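Novice: below: sequence and its predicted model.
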Protein chains: 2
Amino acid sequence: MTDEARAFVPGHITGFFSAHPNADDPTKAGSRGGGLTLTDGVEVTVRPSTEPAVTLNGESIEVDSVETVLRTLDAGATVEAETPLPLGAGFGVSGAMALGTALATNQVFNRKLSENELVTIAHGAEVQAGTGLGDVVAQARGGIPIRLEPGGPQHNLLDGIPARARVEYLNIGQLSTAEVLSGDTDQLSEAGKKALSRVVKEPTLASFIFASRRFAREAELLTPEVTTVIEDVIEAGGQASMAMLGETVFALGTGLTDAGYDASVCATHPAGAMLK
Amino acid sequence: MTDEARAFVPGHITGFFSAHPNADDPTKAGSRGGGLTLTDGVEVTVRPSTEPAVTLNGESIEVDSVETVLRTLDAGATVEAETPLPLGAGFGVSGAMALGTALATNQVFNRKLSENELVTIAHGAEVQAGTGLGDVVAQARGGIPIRLEPGGPQHNLLDGIPARARVEYLNIGQLSTAEVLSGDTDQLSEAGKKALSRVVKEPTLASFIFASRRFAREAELLTPEVTTVIEDVIEAGGQASMAMLGETVFALGTGLTDAGYDASVCATHPAGAMLK
């Protein structure tokens, strides 16, 4: 057992998705969809401790998926997460914390699990917590993931858009993923399937952002503020959509800046989650 | 169409493998096995041209898999590859050139293919050329890939060892992958299956290097020089094995340096192939 281990997990913005629950097996549940992994992510440090505690940017926090991961790996530890990303805003912060905890805990407690096993544990923990369906597998992959089939690594099928981009984002408020996912997701999933088939036909950034915007509209998830910001970006000649699920607008290139917004700037992350 | 596109593809050392040919479909052929992707890799630049030409470190070269990729993508182009890695020495340079050419050509010619499609094209081209069975899919993934099922992305199953390491290597001479693969591979594949099951049971760097060394011995691929260098590393307290397929010794950490060799130094690469 070493003293500590650290992992970096990229943030993940989902542009569109369809929900695929599975009451019997959380490792088979998940989502189809498309998103961007981000150079802005979460750094997770795990240290063995007889007094377990979880912090995010120095403040104590309860994250169900993180606790499930620690329990599954039979590890008493403190988990410190640091991130520039807002929580509950559609960046996959809870998924990143779960996955980073799995990778770092395996290392520090010498659990000898494989990457797929660790991703499966983190994915299942997220699904059980109701806080995400596709972030963990996307964050494990990196790049611009297309989730063709739902579930953990033993069940899913992933592809990617071969591109890199500067990404800007503007968080307006929070949305509860758990609330949306526990409601009626039929209309949302119908829109998600159409968006996916569009991006599979043409796996480019342009078709991704177009499909994402159409999905947000058809799934009726746009808030008035988000609508206004997206329209401003388009008027300024840019491309933007809404992060699923958060009251957040993301844009490619300099879309938000060109429209006069004071946006955060990062880029797509070419790699998946990694030990430091 | 843009002026040029560039891709970086990590090098890949295979520690052990079993061969799984498929006479009908090169995208189903491949290998099971385990390896290390490397921060030393190949940078590939593709430019549209009516006078196609391929160079490696400035010198003209014929690489069958690269020509197949260009033909498949219907692209007339020059391909410039730059690498610190030796060719024909077990680092997957030809696979990296094929994959880098696929990624950069898709970009520069706006071919709108997905990452899986481009990996499939490069993998199939390598298999057809007989120059590799598992490098391309490993190089597309990054990290420390375990190839559980053979073939391109539509058929294979990959996992990984969650670790990072400094890697040293010493090239002694060349070995023809095509010659070994076209010979009797039964004994080799038997040894490869045993090595894989060992690493699946315990996916750690220690078990990887142990399984690799045993594979090299059982497959009877060790040359006298390679055997001497590996023994020297072990005597100095380190861990080393032979790169498949090349007359090359690789070691974890400072294994070769500690044994008094003037080795090249790099590290495992946390990401797969990427556009620059």
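Specialist: Right, received. Where do you want to start?
Novice: please count neighbours and contacts with C-alpha atoms only from this point.
Specialist: Fine.
Novice: give the contact list for A:His12.
Specialist: For A:His12, the contact set (C-alpha atoms under 8 Å, 6 or more residues apart in numbering or on different chains) comprises A:Gly35, A:Leu36, A:Thr37, A:Leu38, A:Gly90, A:Phe91, A:Gly92, A:Asp135, A:Ala138, A:Gln139.
Novice: one more pass at 10 Å, please.
Specialist: Residues in contact with A:His12 (C-alpha atoms under 10 Å, 6 or more residues apart in numbering or on different chains) are A:34-41, A:90-93, A:95-96, A:134-136, A:138-139, A:142-145, A:243-244, A:268-269.
Novice: so what's it closest to, chain neighbours aside?
Specialist: Nearest non-adjacent residue to A:His12, counting by C-alpha to C-alpha, 6 or more residues apart in numbering or on different chains: A:Thr37, 4.3 Å away.
Novice: let me see the backbone angles for A:Ala19.
Specialist: Main-chain torsions, A:Ala19, degrees, to the nearest 10: phi -90, psi 140.
Novice: pretty sure it sits against A:Asp186.
Specialist: Yes. Assessed by C-alpha atoms under 10 Å, A:Ala19 is found in contact with A:Asp186 at 8.4 Å.
Novice: mutual contacts of these two, please.
Specialist: The contact sets of A:Ala19 and A:Asp186 overlap at A:Gly192 (C-alpha under 10 Å, 6+ apart).
Novice: show me which of those two is the more surrounded one.
Specialist: A:Ala19 (22 against 12; other C-alpha atoms under 10 Å in any protein chain shown).
Novice: element containing A:Asp159?
Specialist: Applying DSSP states H and E as the criterion places A:Asp159 in strand A:157-160.
Novice: ok, now A:Leu85?
Specialist: Using DSSP H and E, A:Leu85 falls outside every helix and strand.
Novice: and the gap between it and A:Val42?
Specialist: 8 Å (C-alpha to C-alpha, to the nearest Å).
Novice: specify which residue of the two has the higher count of neighbours.
Specialist: Neighbours were counted for A:Leu85 and for A:Val42 using other C-alpha under 10 Å; A:Val42 has more, 28 against 18.
Novice: any idea what that one is bridged to?
Specialist: Assessed by DSSP bridges, A:Val42 has beta-bridge partners A:Val9.
Novice: next, A:Val229: phi, psi?
Specialist: Dihedral angles for A:Val229 - degrees, to the nearest 10 - are phi -60, psi -40.
Novice: now A:Thr185
Specialist: Main-chain dihedrals, A:Thr185, degrees, to the nearest 10: phi -110, psi 10.
Novice: enumerate the residues of the stretch 1-150 of chain A near chain B.
Specialist: On the criterion C-alpha under 10 Å from any C-alpha of the partner chain, chain B has as its neighbours in the stretch 1-150 of chain A the residues A:103-104, A:106-107, A:110-118, A:141-146.
Novice: kindly recompute the last result at 6 Å.
Specialist: Neighbours of chain B within the stretch 1-150 of chain A, by C-alpha under 6 Å from any C-alpha of the partner chain: A:Lys112, A:Ser114, A:Glu115, A:Asn116.
Novice: what about the second one, how many neighbours?
Specialist: Read it as A:Ser114. Using other C-alpha under 10 Å, the number of residues around A:Ser114 comes to 23.
Novice: pretty sure it is touching B:Leu205, no?
Specialist: No. Using C-alpha atoms under 6 Å, A:Ser114 is not in contact with B:Leu205; the gap is 11.1 Å.
Novice: list the contacts for A:Pro270?
Specialist: By C-alpha atoms under 6 Å, 6 or more residues apart in numbering or on different chains, the contact list for A:Pro270 reads A:Gly142, A:Gly143.
Novice: for it, pull up the helix or strand it's in.
Specialist: Counting by DSSP H and E, A:Pro270 is part of no helix or strand.
Novice: can you check the pLDDT for it?
Specialist: Looking at A:Pro270, its pLDDT reads 95.
Novice: ok but A:Asp3 is inside a helix, no?
Specialist: No. Secondary structure of A:Asp3 (DSSP: H, G, I helix; E, B strand; the rest coil): coil, not part of a helix.
Novice: count of neighbours near it?
Specialist: A:Asp3 has 10 nearby residues by other C-alpha under 10 Å.
Novice: check A:Gly134 too.
Specialist: Residues near A:Gly134, counting by other C-alpha under 10 Å: 30.
Novice: for it, give me its contacts.
Specialist: A:Gly134 makes contact with A:Gly30, A:Ser31, according to C-alpha under 6 Å, 6+ apart.
Novice: and the residue of chain A nearest chain B?
Specialist: Nearest residue of chain A to chain B, counting by C-alpha to the nearest C-alpha: A:Ala271, 4.4 Å away.
Novice: measure that residue to B:Leu196 for me?
Specialist: 25 Å.
Novice: name the element A:Thr101 belongs to?
Specialist: With DSSP H and E as the test, A:Thr101 turns up in helix A:93-108.
Novice: which elements pack onto that helix?
Specialist: In terms of contacts (3 or more C-alpha pairs under 6 Å, 6 or more residues apart in numbering or on different chains; DSSP states H and E), helix A:93-108 is packed against strand A:5-20, helix A:115-129.
Novice: ok, 10 Å please
Specialist: With contacts taken as 3 or more C-alpha pairs under 10 Å, 6 or more residues apart in numbering or on different chains; DSSP states H and E, helix A:93-108 sits against strand A:5-20, strand A:30-48, strand A:53-56, helix A:64-72, strand A:77-82, helix A:115-129, helix A:135-141, strand A:274-275.
Novice: ranking these by burial, who's on top?
Specialist: Across the helices and strands packed on helix A:93-108, the average number of neighbours (mean count of other C-alpha atoms under 10 Å in any protein chain shown) peaks for helix A:135-141, which reaches a mean of 31.
Novice: let me see the mean pLDDT of that one.
Specialist: Mean pLDDT, computed over helix A:135-141, is 98.
Novice: secondary structure class for the closest residue in space to A:Gly142 that isn't next to it in sequence?
Specialist: The shortest distance from A:Gly142 to any non-neighbouring residue, by C-alpha to C-alpha, 6+ apart, is to A:Gly272 (3.7 Å). Three-state call for A:Gly272 (three-state DSSP): coil.
Novice: residues in contact with A:Gly272?
Specialist: A:Gly272 neighbours (C-alpha under 10 Å, 6+ apart): A:8-11, A:37-38, A:136-143, B:141-143, B:270-272.
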